[in-house]
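Enquirer: Need a 3D model of the sequence below.
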Amino acid sequence: MKVAFTGLGVMGYPMAGFLAKAGHDVTVFNRTTSKAVAWQKEYGGMVATTPREAAAAAEIVFCCVGNDDDVRQVILGADGILAGTSKGSVIVDHTTASASVAYEVYELSQKKSVEFLDAPLSGGQAGAESGQLTIMVGGDRSTYERVLPVMECYAKSCTLIGKVGCGQKAKMVNQICIAGVVQGLAEGLHFAKRANLDVAAVIGAISKGAAQSWQMENRWQTMNDDEFDFGFAVEWMRKDLKIALEEAARTGARLEMTALVDQFYGEVEDFGGKRFDTSSLIKRLEP
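Expert: Numbers count the residues shown, from 1 in each chain. Presented below is the predicted three-dimensional model:
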């Protein structure tokens, strides 16, 4: 298919690469043009100078940027994706953003007879580079089924959660759960150290039972070794938790633990950890 990909960050760059390797005709746009040129040298395809140009001939346009403001600029701006799309095309937004911006883009897309899916991701940079992402999708089933074979180029799991906005809300659930698990793991490791336990032996035992988690399997060693210069950054997690807390305020949901862990991440930022991996919560406890 003729597709476009806008936003070649740590996630978008390899995702667009998987589309090219699968044989799709890919046009890319990135606000830092040098990165788009580097992508073209590696994968071929075309480089556009604006999102509008990238979308002009595409059947599906993928977007993966930073936040709500970026989504509005890249999709809804004068030179944005929607200005370049044609009737019957599809916009797929992989940005982790608010449900409200998903509604906004959907409504404006419908006026132009363009379809829209909100489709945030889980799996981080490692998942993007290995083509093993999990995608939570909001939108119409017919549109989802049309786009699914293309998203499967870089995903191990795609799930249609519900109507537009539901993908973003599912990603909020994902981040809420991660925040609690990481804080629990941080406290568990901290306790094990203070109790003079063999941390490796403890993890070896409890990771085979009900306490097991992805975070435990993949992060306990680096947390124990005070290594955080990798992975999903604290400042990104705080952006995601802010979205979840704002949505909770609208719906009346009580996210007491989430609000507390967000404060803890604020402390990590205060001592210079904005770019640390989210597992750095333990640094509050082990200064």
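
Enquirer: Would you map the helices across the stretch 151-287 of the chain?
Expert: Using DSSP state H, counting those that start in this stretch, the helices of the stretch 151-287 of the chain run over 166-194, 199-206, 214-224, 234-251, 256-270, 282-285.

Enquirer: Quick check, central residue of the chain?
Expert: Centroid check for the chain by CA atoms, centre = their mean gives residue 121 as the closest residue, at 4.1 Å.

Enquirer: that older thread, rebuild the helices of the stretch 151-287 of the chain as a markdown table, extending it with distance to residue 156, mean pLDDT and mean neighbour count.
Expert: (C-beta placed from N, C-alpha, C; glycine too.) Formatted as a markdown table, those follow (distance: least, CB to CB, whole Å; pLDDT from 0 to 100; neighbours: other CB atoms under 10 Å):
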| stretch | distance to residue 156 | mean pLDDT | mean neighbour count |
| --- | --- | --- | --- |
| helix 166-194 | 15 | 98 | 20 |
| helix 199-206 | 25 | 98 | 14 |
| helix 214-224 | 13 | 97 | 17 |
| helix 234-251 | 21 | 98 | 17 |
| helix 256-270 | 26 | 98 | 16 |
| helix 282-285 | 29 | 97 | 19 |
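
Enquirer: Looking at those helices, which is nearest to residue 38?
Expert: Closest approach to residue 38 among these is made by helix 234-251 (22.5 Å; CB to CB).

Enquirer: Would you mind pulling up the elements that that closest one packs against?
Expert: If you count contacts as 3 or more CB pairs under 8 Å, 6 or more residues apart in numbering; DSSP states H and E, helix 234-251 packs onto helix 166-194, helix 256-270.

Enquirer: Mind putting these into TSV with distance to residue 9?
Expert: Below are these laid out as TSV (distance: least, CB to CB, whole Å):
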stretch	distance to residue 9
helix 166-194	17
helix 256-270	20
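
Enquirer: Residue 94 is nearest to which of these?
Expert: helix 166-194 (9.4 Å).

Enquirer: on that earlier part again, tabulate the helices of the stretch 151-287 of the chain (a markdown table), appending distance to residue 76.
Expert: Below are the helices of the stretch 151-287 of the chain laid out as a markdown table (distance: least, CB to CB, whole Å):
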| stretch | distance to residue 76 |
| --- | --- |
| helix 166-194 | 16 |
| helix 199-206 | 47 |
| helix 214-224 | 35 |
| helix 234-251 | 18 |
| helix 256-270 | 29 |
| helix 282-285 | 39 |
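
Enquirer: If you tally nearby residues, what's the number for residue 280?
Expert: Number of residues near residue 280 (other CB atoms under 10 Å) recorded here: 28.

Enquirer: which residues touch the residue nearest to it when sequence neighbours are not counted?
Expert: In this structure, residue 280 finds its nearest non-sequential neighbour in residue 228, 4.2 Å apart by CB to CB, 6 or more residues apart in numbering. By CB atoms under 8 Å, 6 or more residues apart in numbering, residue 228 lies in contact with 222, 273, 276, 277, 279, 280, 283.

Enquirer: mind checking how far the residue sitting furthest away from the middle of the chain is from residue 216?
Expert: Within the chain, residue 196 marks the point farthest from the mean C-alpha position, 37.6 Å out by CA atoms, centre = their mean. For residue 196, the distance to residue 216 (CB to CB, to the nearest Å) stands at 20 Å.

Enquirer: Buried residues, stretch 111-127. List them.
Expert: 114, 115, 116, 117, 118, 119, 120, 121, 122, 123, 124, 127 (16 or more other CB atoms under 10 Å).

Enquirer: ok, so what distance separates residue 78 from residue 51?
Expert: As judged by CB to CB, residue 78 and residue 51 stand 10 Å apart.

Enquirer: the strands in the stretch 1-150 of the chain, which residues?
Expert: Applying DSSP state E, counting those that start in this stretch to the stretch 1-150 of the chain gives strands spanning 2-6, 25-29, 46-47, 60-63, 90-93, 115-118, 121-122, 133-138.

Enquirer: Mind checking the ones you listed for the one nearest to residue 200?
Expert: Closest among the strands of the stretch 1-150 of the chain, using CB to CB: strand 121-122, at 27.8 Å.

Enquirer: Can you point out the buried residues in stretch 9-26?
Expert: 9, 11-20, 22, 24-26.
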